[in-house]
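Novice: Fold the following.
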Amino acid sequence: MASATTVVGLIAATVAVGTLALNNDFTKDAAAADPPKIAASAPSTANVVRVVGEDFRFEAPDAIPAGLTDFRFLNKGPGLHHLSILKLTDGRTVSDLRAALAKPGPMPSWVKAIGGPNAPVPGLESNAIVNLAPGDYALICFVDIDGPPHFARGMVQALTVTPATEVTATTVTADASIDLFDYNFKVPTPVTPGRRTIKVTNTGDQVHEVELVQLAPGVAVSDFMRWMAKREGPPPGKAIGGIAGMEPGMTEYFTADFAPGSYALICFVQDAKDGKPHFVHGMIQQITVK
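Specialist: Modelled structure (predicted):
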């Protein structure tokens, strides 16, 4: 859980996928390849919140009403960004969060990982459908592949969630589901081509995430991970979103346009016990959409 995860661990947790964009060639190749668009399909009565991420700031509202919320995150940066949502409890503020992030050691227990849209390649939109309670939150980008982590360069912003004045939807209809556990993914039914809403539930004992990567034709997830280790030649896959790190017991949704082919599900969260990323413990899986 977040209270047992180091600050460094949280950075590695949700953005080690940033390895996908460690050189400019990937960004150019990804843009040229026209990867599948991600778009939200939450119920029309859900709150829709649009956020833009670029170097190094968010364009986002300061306050939104509580309830089912469809965060739509557009990455306008030249590299990867994501929108991780943290809940700040015990009356803590973003200033307190910045002070905590500046120190080594475990993340304070008053910080809770609430998920959010995981990293898409530049130019794409990812989404996450989250049920938010009133309170104080932070929108933050942990990516650190090109120097200091992005939150240290300005990509952290306070968000106040106020009591709702209107009733919103309380459920989302999903086409498929992914369960996260220690340490793998369970996909009970196949994902079929088309626009699909995916229900993601963390059934494990630690914070987990799912980063969705569309693999190039003929590429296996093992090939992709070998490329990540060496980063030689053109990248054999594209980051297209998913759900950022979230606490045990949480459920969120994301929507993507799935073309036929192979995809990788990867959790980069750093283990609370040994500090190794969860994919080292086996939390990586290849699925086929057909």
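Novice: quick one: secondary structure of the residue lying farthest from the centre of the chain?
Specialist: The outermost residue of the chain relative to its centre, with distances by C-alpha atoms, centre = their mean, is Thr165 at 28.6 Å. What DSSP: H, G, I helix; E, B strand; the rest coil gives for Thr165 is coil.
Novice: Pretty sure Ile64 is one of the things it touches, is it not?
Specialist: No. Counting by C-beta atoms under 8 Å, Thr165 does not reach Ile64; the two are 11.8 Å apart. Every residue, glycine included, has its C-beta placed from N, CA and C.
Novice: Would you map the helices across the stretch 1-150 of the chain?
Specialist: Listed in chain order, the helices of the stretch 1-150 of the chain (DSSP state H, counting those that start in this stretch) span 7-15, 24-32, 94-101.
Novice: Who are the packing partners of the helix or strand containing Ala256?
Specialist: Assessed by DSSP states H and E, Ala256 sits inside strand 251-258. If contacts are counted by 3 or more C-beta pairs under 8 Å, 6 or more residues apart in numbering; DSSP states H and E, strand 251-258 sits against strand 125-132, strand 194-202, strand 237-246.
Novice: Now do the buried residues in the first one.
Specialist: Neighbour-count burial for strand 125-132, counted by 16 or more other C-beta atoms under 10 Å, picks out Glu125, Ser126, Asn127, Ala128, Ile129, Val130, Asn131, Leu132.
Novice: and if you look at stretch 96-115?
Specialist: Buried residues in stretch 96-115 (16+ other C-beta under 10 Å): 96-97, 100-101, 106-108, 110-115.
Novice: quick one: which of those is nearest Lys238?
Specialist: Each of the buried residues of stretch 96-115 was checked against Lys238 using C-beta to C-beta; the closest is Gly115, at 21.2 Å.
Novice: For His281, give its distance to Val269.
Specialist: To Val269, His281 is 10 Å away according to C-beta to C-beta, to the nearest Å.
Novice: and what of Leu80?
Specialist: When Leu80 is compared with Val269 (using C-beta to C-beta), they lie 16 Å apart.
Novice: that older thread, let me see the contact set for the residue farthest from the centre of the chain.
Specialist: Pro65 (C-beta atoms under 8 Å, 6 or more residues apart in numbering).
Novice: Skipping adjacent residues, who's closest to Val289 in space?
Specialist: Phe258 (4.8 Å; C-beta to C-beta, 6 or more residues apart in numbering).
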